[in-house]
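Trainee: mind looking at a prediction? Sequence and model below.
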Amino acid sequence: MSPSPDGWLPEPEKKKPQINAIIRMDIGGMKDVEICKRAHTTQATLRRLRKTPLYLEHMKSLQDDMDGQTVEAATGDEVRAILSKAAETAANLNVEFMKSSNEKVAQASVWDILDRAGYPKAQRSEITTKASIMLDEDSAKALGDALRECTTGKVPEE
């Protein structure tokens, strides 16, 4: 297997989802060590990846989408407008992550997409209840006899 012209990987197009995941982690401010751990790669590979045309092209595309848009000094309406413009790119990127060869990246993307579409993860709940009933003496005796019969198989004598 010969390396790609940029020296990072054979067939870099097949690694697009992983590259996009790494870009997302980079933009999120994650440290290189954590990115490498999550992407199952080394720091040397990460440094080489950041120099590849594919990585640089995707990073520039994301930067162009956000070019000149600062959220810190914006009002609420401006923030919503900025995020709305970036939402389409983010959604498309999330759909690409779903195709990742990294099972964890793909699974996280699938869960996020389903959750945003209104299908949240199933929640497990345990409900414990207690009930008390009041019985008159004859009913209590009849119930006790029936329980003994069920557990012992013997019918009580009258």
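Mentor: Happy to help now that I have it.
Trainee: hey, let's count contacts and neighbours off CA atoms from now on
Mentor: Noted.
Trainee: helices of this protein, start to end?
Mentor: 16-27, 32-39, 43-49, 53-66, 76-97, 103-116, 137-152 (DSSP state H).
Trainee: so how far is Ser101 from the residue positioned nearest the centre of the chain?
Mentor: In the chain, the residue lying closest to the centroid (CA atoms, centre = their mean) is Ala108, at 3.0 Å. For Ala108, the distance to Ser101 (CA to CA, to the nearest Å) stands at 12 Å.
Trainee: tell me the mean pLDDT for stretch 17-30?
Mentor: On average, the pLDDT along stretch 17-30 is 80.
Trainee: who touches it?
Mentor: 35, 39, 55, 58-59, 93, 96-102, 105 (CA atoms under 8 Å, 6 or more residues apart in numbering).
Trainee: tell me which of the helices of the chain sits most buried.
Mentor: For the helices of the chain, the largest average neighbour count (mean count of other CA atoms under 10 Å) is found in helix 16-27, namely a mean of 19.
Trainee: what angle separates that one from helix 103-116?
Mentor: Angle of helix 16-27 versus helix 103-116, following axes from the mean of the first three to the mean of the last three CA atoms, to 10 degrees, is 80 degrees.
Trainee: about what we covered before: quick check: phi and psi at the closest residue to the residue nearest to the centre of the chain other than its chain neighbours.
Mentor: Nearest non-adjacent residue to Ala108, counting by CA to CA, 6 or more residues apart in numbering: Met98, 8.0 Å away. When read as degrees, to the nearest 10, the backbone of Met98 gives phi -60, psi -20.
Trainee: my guess is Met98 contacts Lys104. True?
Mentor: No: counting by CA atoms under 8 Å, Met98 stays clear of Lys104, with 9.7 Å between them.
Trainee: any low-confidence regions in this structure?
Mentor: 1-14, 65-79, 153-158 (pLDDT under 70).
Trainee: so what's in contact with Met98 and Lys104 at the same time?
Mentor: By CA under 8 Å, 6+ apart, no residue touches both Met98 and Lys104.
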